[in-house]
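Enquirer: take this sequence and fold it.
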Amino acid sequence: MKFLRSQLLAPWVPPLPLAFGQICFGASWIALVIFSIQGMPSGLRLLGWLHLLTLGWVTTIALAMLTHVIPQFTDEHWRNEEFPRISQLVYMLGAAVTIVGFVSSSLALMRVGGVAVAVGVLMFCAAAAPSLIAAMKSKGRRATIGQALTTSVGFLLLTVLMGNLVANVIGPSHPDWLDRASAAHGMLGILGWLSVLIMGVSTRTLQPLTGVEGRRPAFHIIAASGVLVGTLLGVLAVSAQATSLALGSFILIFAAALLYAMEVIGVVLRAVVRHRIPQAFMFAGVVCFVAAAGLVLLTFADPTYLYPAIYLALIGWIGNALLAHMHHIAVRVLVTLHLGDEDETRPGSVLRPVLSTLTFIAYEGAVAVGAAGFFWQDHSLLVAAGIFGEIAFLLMVFHFVLVNANLRRRATRPPGVMLIRP
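Expert: Take a look at the predicted model:
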């Protein structure tokens, strides 16, 4: 019980979900290699890999970070700090069961896991509701941030409910509705939940990552609103099989992605913080966001562009943005675990530039080679992408373990003794 409290309940971002997410991140590349050795991954295996990324990796870490982000951004503390963290345990259990269900082709496990995921998300939403409602009732920037976070969490809830609808109500016995609902589920998750969340959170995190404020903060609001409206229209179009409306919705999403990329790139190019790797990840991420949105438009002429578009959206856009924040916020978690909440040590001062750079190179190799593999339907390229991705994962784990060890030595050294960093 002491271990549970120290790992889950005490720090400002719970480390246990961060660790679980990283395990899923590493496992996803191994799965991609295994699934791609004999041919292009497809069917439930491909869906299992996608859920390993979205449920296991990205959403788990996003919920962990929101444990800090919601009270910090809204100035409204959790009414019960333990409840949202406990909800993440339920969520992680459900995510694990769901992923095993996909890989083992067990509809029963998928259904049980989906229900557990929904329960965990509902618990988190219930815990967040008082803080978000209070923020929305205030004025000015707090109200805007409260509305943005409420929208993001609302899309997560819609995504989870849609996933349960697909697994528990529609099922394989209704193939026509299954395809429509699955497409809507994917759009809600990738665009409505994860993309809008990253765009909203970056309005506050770009400044500490770069050291400069955006010149056109309205671009963030307009771009996020464009993705939000485009997603809703796209879900409606997919459900009604309205091709013209679907095309219009993705034109709107492409324009919003381009506008957002222009603002982020402008901020990154003016950065004064010398810790460049998070900035490089964000730069690569927004480029992939635009590329993915552009490829989706091409699917209206050739449906085979859909797979590289999804890969670039998940691995290129969302993955890069997540790694940018991991190289900042996750390091701050380690710092506060060892040196206390009041310590002001910056991530760039404890990370090793060579390891960070090698991680970035390996990960971008996975992005480029994997996108090419799906574009040309070449499974050998996907195997190579999985190897690049696993190298990036192992480099990052080694780097963070090294940082953790150095911080532990720094925290336990006798007073007055200088720690010379190698």
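Enquirer: tell me where the stretch 151-300 of the chain has helices.
Expert: Assigned by DSSP state H, counting those that start in this stretch, the stretch 151-300 of the chain shows helices spanning 175-187, 196-210, 217-240, 243-269, 277-298.
Enquirer: just want the angle from the last one to helix 196-210.
Expert: If you take axes from the mean of the first three to the mean of the last three Cα atoms, to 10 degrees, helix 277-298 sits at 150 degrees to helix 196-210.
Enquirer: cool, and the third one?
Expert: The directions of helix 217-240 and helix 196-210 differ by 160 degrees, with the same axes, to 10 degrees as the criterion.
Enquirer: by contact count, what packs against helix 217-240?
Expert: Under the contact definition 3 or more Cβ pairs under 8 Å, 6 or more residues apart in numbering; DSSP states H and E, helix 217-240 sits against helix 141-165, helix 175-187, helix 196-210, helix 243-269. Backbone N, C-alpha and C define where each C-beta goes, glycine included.
Enquirer: pLDDT on that helix, on average?
Expert: Here helix 217-240 scores 91 as its mean pLDDT.
Enquirer: dump that helix to CSV, restricted to CA.
Expert: Taking C-alpha atoms only, helix 217-240 is exported to CSV below (Å, rounded to 0.1, in the frame of the first residue of the first chain):
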residue,chain,number,x,y,z
PRO,A,217,-2.7,33.3,-29.9
ALA,A,218,-6.0,33.6,-31.8
PHE,A,219,-4.5,31.2,-34.3
HIS,A,220,-4.6,28.4,-31.7
ILE,A,221,-8.3,29.1,-30.9
ILE,A,222,-9.3,29.3,-34.6
ALA,A,223,-7.3,26.2,-35.5
ALA,A,224,-8.6,24.1,-32.6
SER,A,225,-12.2,25.3,-33.4
GLY,A,226,-11.6,24.3,-37.0
VAL,A,227,-10.5,20.8,-36.1
LEU,A,228,-13.4,20.6,-33.6
VAL,A,229,-16.1,21.6,-36.1
GLY,A,230,-14.5,19.5,-38.9
THR,A,231,-14.5,16.5,-36.7
LEU,A,232,-18.2,16.8,-35.8
LEU,A,233,-19.1,17.4,-39.5
GLY,A,234,-16.9,14.4,-40.5
VAL,A,235,-18.5,12.1,-38.0
LEU,A,236,-22.0,13.2,-39.2
ALA,A,237,-20.8,12.7,-42.8
VAL,A,238,-19.4,9.2,-42.2
SER,A,239,-22.5,8.1,-40.4
ALA,A,240,-24.8,9.4,-43.2
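Enquirer: pull the distance from that helix to the chain's centre.
Expert: Relative to its chain's centre, helix 217-240 lies at 18 Å (Cα atoms, centre = their mean, to the nearest Å).
Enquirer: if we can go back for a sec, could you say which of the helices and strands packed on helix 217-240 is packed most deeply?
Expert: Stretch with highest mean neighbour count among the helices and strands packed on helix 217-240: helix 196-210 (a mean of 22; mean count of other Cβ atoms under 10 Å).
Enquirer: which residues touch it?
Expert: For helix 196-210, contacts defined as Cβ atoms under 8 Å, 6 or more residues apart in numbering pick out 62, 65, 69, 73, 145, 148-149, 151-152, 155-156, 213-214, 217, 220, 223-224, 227-228, 231, 260, 264, 267-268, 270-273, 278-279, 282, 318, 321-322, 324-325, 328-329.
Enquirer: ok, now stretch 105-118?
Expert: For stretch 105-118, the surrounding residues in contact (Cβ under 8 Å, 6+ apart) are 44, 55, 90-91, 93-102, 160-161, 163-164, 167-168, 171-172.
Enquirer: is it possible to get TSV of the helices of the stretch 151-300 of the chain that adds distance to Thr359?
Expert: Shown next, in TSV, are these (distance: least, Cβ to Cβ, whole Å):
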stretch	distance to Thr359
helix 175-187	28
helix 196-210	16
helix 217-240	27
helix 243-269	18
helix 277-298	8
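Enquirer: what about Val272, distance to Pro353?
Expert: 17 Å (Cβ to Cβ, to the nearest Å).
Enquirer: ok so, going back, tell me which of the helices and strands packed on helix 217-240 lies nearest to His77.
Expert: Comparing the helices and strands packed on helix 217-240 against His77 with Cβ to Cβ, the closest turns out to be helix 141-165 (13.4 Å).
Enquirer: I'd like the average pLDDT over that closest one.
Expert: Average pLDDT, helix 141-165: 89.
Enquirer: chain center to it: distance?
Expert: Distance, centroid of helix 141-165 to centroid of chain: 14 Å (Cα atoms, centre = their mean).
Enquirer: by contact count, what packs against it?
Expert: So helix 141-165, by 3+ Cβ pairs under 8 Å, 6+ apart, packs with helix 60-74, helix 107-137, helix 175-187, helix 196-210, helix 217-240.
Enquirer: out of those helices, flag the one nearest Gly294.
Expert: The closest of the helices and strands packed on helix 141-165 to Gly294 is helix 217-240. By Cβ to Cβ, the value is 13.7 Å.
Enquirer: count of neighbours near Val354?
Expert: Close neighbours of Val354, defined as other Cβ atoms under 10 Å, add up to 10.
Enquirer: touching the helix or strand hosting it from outside, list them.
Expert: According to DSSP states H and E, Val354 maps onto helix 353-376. Residues outside helix 353-376 that contact it (Cβ under 8 Å, 6+ apart): 29, 32, 36, 277, 280-281, 284, 288, 305, 307-308, 310-312, 315-316, 319-320, 323, 327, 378-382, 384-386, 388-389, 391-392, 395-396, 398-399, 402.
Enquirer: show me the contacts for the closest residue to Gln241 other than its chain neighbours.
Expert: Using Cβ to Cβ, 6 or more residues apart in numbering and skipping residues adjacent in sequence, the residue nearest Gln241 is Arg180, 7.1 Å away. Residues near Arg180 by Cβ under 8 Å, 6+ apart: 238-239, 241.
Enquirer: output the below-cut-off pLDDT ranges for the protein.
Expert: For the chain, the stretches with pLDDT under 70 are 1-12, 215, 340-343, 411, 413-422.
Enquirer: and the direction of the longest helix belonging to it versus that of helix 353-376, what angle?
Expert: Longest helix in the chain, counting residues (DSSP state H): helix 379-412. Angular relation of helix 379-412 and helix 353-376 on a 0 to 180 degree scale: 160 degrees, by the same axes, to 10 degrees.
Enquirer: remind me what helix 379-412 packs against, helices and strands.
Expert: helix 15-36, helix 331-339, helix 353-376.
Enquirer: of all those, which one is nearest Ala293?
Expert: The minimum distance between Ala293 and the helices and strands packed on helix 379-412 falls on helix 353-376, with 13.7 Å, by Cβ to Cβ.
Enquirer: could you give the angle of the closest one to helix 15-36?
Expert: 40 degrees.
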